[in-house]
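S.K.: any chance you could fold what I've pasted below:
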Amino acid sequence: MTVDSVNSSLGKWQFWIDRGGTFTDIVAQDPTGKIHVHKLLSENPDRYPDAAIQGIRDLLKIEPDAPIAIDQIAAVKMGTTVATNALLERKGDRTLLITTKGFRDALRIGYQNRPNIFARHIVLPEMLYERSIEVEERYSAQGEELLPVQINESLMQSLQAAYDDRIRACAIAFLHGYRYPDHEQQLAAIVRSIGFTQVSVSHEVSPLMKLISRGDTTVVDAYLSPILRRYVNQVSTQLETQNPTPNTRHPTPKLMFMQSNGGLIDAHRFQGKDSILSGPAGGIVGAVKTSVMAGFDRIIGFDMGGTSTDVSHFNGEYERTFETEVAGVRLRSPMMSIHTVAAGGGSILAFDGSRYRVGPESAGAYPGPACYRQGGALTVTDCNVMLGKLQAEFFPAVFGRDGNLPIDAEIVRQKFEELAIEIREKLQIHVVLKKLRRDFVDRN
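M.R.: Next up, the predicted model:
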């Protein structure tokens, strides 16, 4: 059965949404089978609270304060880079790690890999967890309980102190916990009773041997799941609770999210560890389907967004990996084989007094690049505007108070002139504006 025939029988809309760090793109099919395309900024608090919901409203021609007619919608399927960008920019929730006594630093030590073996200055990756607590407990590899969980005053005080410091996410990873989870379950119950709202336990998140990769994956899940849950709830609430006809039941639209492995899952089962490549995975699936339709079965995918850039490869079948590293974080979860770097059009330009820097901080959608008319900082996008690579007439006119103005090249020119003056005064050198812009692009 084709998509057209399914929609015709349902008589409802379907929405496919890519919620990126800067722009949200929507492809929709109306009940007659006609395709509609819509684009808007992912964040624009002056005009709307959520881009995906606003896009649905725009296409259904619903007023801002009117309820969404959920009886007109069959399904909403979404890929999102909310978790990806939170990881790249280290903006996840504050996280507590609880592990077996003696293994407090196990995740920091890791496998002692040295990516650059001749580097004289070793820079360790930043840990996602803010603090760690050791618990006296131990199972042997054969399942013998060598030491029961010691629930003592010291442990309870440490947990309460973390909670009092407003840490709400907790990752629990004990030695051999993947196979003998009793101790992890005991601690999880205690932590939840204290009030922690996100509790990730390793035997559920990654029930496989090897403490390091299991612990890393559990920490990632605890770090990202709260942000992801808030976003999923924000979208699902709009689609579940607004019934335009009193005393009438309408089926709730199916809300699904793309996982890092390229498959869709129900919104309420979407986890942090499976969301990191949600947006990029959807890009690969779309690129492959489009290329195969055009007769190409071997492609290299290059997906540069406003916040991150993703590179992928397809040679007749999807390439997946089960252990990978994303933004310096080790992760064991099935996902598409994608190389992601924190370099996009929204990467912020900076001069630290001696050199030019690009990213990893991103201007996002709000305030966005300087040319977005929202008082943002200079970014790679602004460089390309000044270099003529981005032209206003070919760029979406979704800016300004009413969301209908083109990008503003004049403010970009002013900001580059101000930056050139700053560099000239600090380094006592002549600065050519065009070369300055090109130098920043070359460093991206």
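S.K.: got a list of contacts for stretch 203-221?
M.R.: By C-beta atoms under 8 Å, 6 or more residues apart in numbering, the list of residues contacting stretch 203-221 from outside reads 87, 95, 97, 99, 103, 106-107, 110-111, 127-129, 171-173, 175, 177-179, 181, 184, 200-202, 271-273, 276, 323, 329-333. For glycine as for every other residue, the C-beta is placed from the backbone atoms N, C-alpha and C.
S.K.: quick check on these: which are buried?
M.R.: With burial judged by 16 or more other C-beta atoms under 10 Å, the buried subset of the contacts of stretch 203-221 is 87, 95, 97, 99, 103, 106-107, 127-129, 171-173, 175, 177-178, 181, 184, 200-202, 271-273, 276, 329-333.
S.K.: which ones among those residues lie within helices?
M.R.: Counted as lying in helices by DSSP state H, out of these, are 87, 106-107, 184, 202.
S.K.: the chain: helices as residue ranges?
M.R.: Using DSSP H, the helices of the chain run over 3-10, 51-60, 82-88, 106-109, 153-164, 182-194, 202-205, 211-240, 278-293, 380-386, 409-427, 433-442.
S.K.: could you point out which of those sits nearest Arg373?
M.R.: Nearest of the helices of the chain to Arg373, taken as C-beta to C-beta: helix 409-427 at 7.4 Å.
S.K.: mean confidence score for the closest one?
M.R.: In this model, helix 409-427 carries a mean pLDDT of 84.
S.K.: show me the contact partners of it.
M.R.: 349, 351, 353-354, 369-371, 373, 378, 382, 385-386, 392, 429-431, 433, 436-437.
S.K.: one more: stretch 40-54?
M.R.: Under C-beta under 8 Å, 6+ apart, the answer for stretch 40-54 is 17, 19-24, 26, 55, 57-58, 64, 68, 76, 78, 234-235, 238, 364-366, 368, 372, 398-399, 401-403.
S.K.: and Lys273, what's its pLDDT?
M.R.: 90.
S.K.: thinking it is in contact with Leu331, fair?
M.R.: Yes. Between Lys273 and Leu331 there is a contact under C-beta atoms under 8 Å: 7.0 Å.
S.K.: relative to Arg47, how far out is the nearest residue to Gly306 once chain neighbours are set aside?
M.R.: Excluding its sequence neighbours, the residue lying closest to Gly306 (C-beta to C-beta, 6 or more residues apart in numbering) is Thr22, at 2.5 Å. For Thr22, the distance to Arg47 (C-beta to C-beta, to the nearest Å) stands at 15 Å.
S.K.: neighbour-wise, which of the two wins?
M.R.: Thr22 (26 against 16; other C-beta atoms under 10 Å).
S.K.: distance of that one from Arg373?
M.R.: Distance, Thr22 to Arg373, by C-beta to C-beta: 14 Å.
S.K.: next: Met256.
M.R.: Counting by C-beta to C-beta, the separation of Met256 from Arg373 is 34 Å.
S.K.: where does pLDDT dip in the stretch 101-250 of the chain?
M.R.: For the stretch 101-250 of the chain, applying pLDDT under 70 flags the ranges 241-250.
S.K.: of the contacts of stretch 40-54, buried ones?
M.R.: Buried residues within those, defined by neighbour count using 16+ other C-beta under 10 Å: 17, 19-24, 26, 55, 57-58, 68, 76, 78, 235, 238, 364-366, 368, 372, 398-399, 403.
S.K.: ok, and the closest non-adjacent residue to Met258?
M.R.: Spatial nearest neighbour of Met258, chain neighbours left out: Gly79 (3.8 Å); criterion: C-beta to C-beta, 6+ apart.
S.K.: so what's the residue count around that neighbour?
M.R.: Gly79 has 26 neighbours, counted by other C-beta under 10 Å.
S.K.: and Thr32, by the same measure?
M.R.: Neighbours around Thr32, by other C-beta under 10 Å: 9.
S.K.: cool, the one 5 residues further on as well?
M.R.: For Val37, the tally of surrounding residues (other C-beta under 10 Å) stands at 9.
S.K.: over to Asp352?
M.R.: Around Asp352 there are 8 other residues, counting by other C-beta under 10 Å.
S.K.: how far away is it from Gly346?
M.R.: Distance from Asp352 to Gly346, by C-beta to C-beta: 19 Å.
S.K.: same question for Thr100.
M.R.: 41 Å.
S.K.: which of those two has more residues huddled nearby?
M.R.: Using other C-beta under 10 Å as the criterion, Thr100 and Gly346 rank with Gly346 on top: 29 against 21.
S.K.: residues contacting the more buried one?
M.R.: By C-beta under 8 Å, 6+ apart, the contact set of Gly346 is 21-22, 306-307, 362-365, 368-369, 379-381.
S.K.: swap the cut-off to 10 Å and go again
M.R.: By C-beta atoms under 10 Å, 6 or more residues apart in numbering, the residues touching Gly346 are 20-23, 85, 305-308, 359, 361-365, 368-369, 372, 376-377, 379-382.
S.K.: was I right about Phe399 contacting Arg373?
M.R.: Yes. Counting by C-beta atoms under 10 Å, Phe399 does reach Arg373; the two are 4.6 Å apart.
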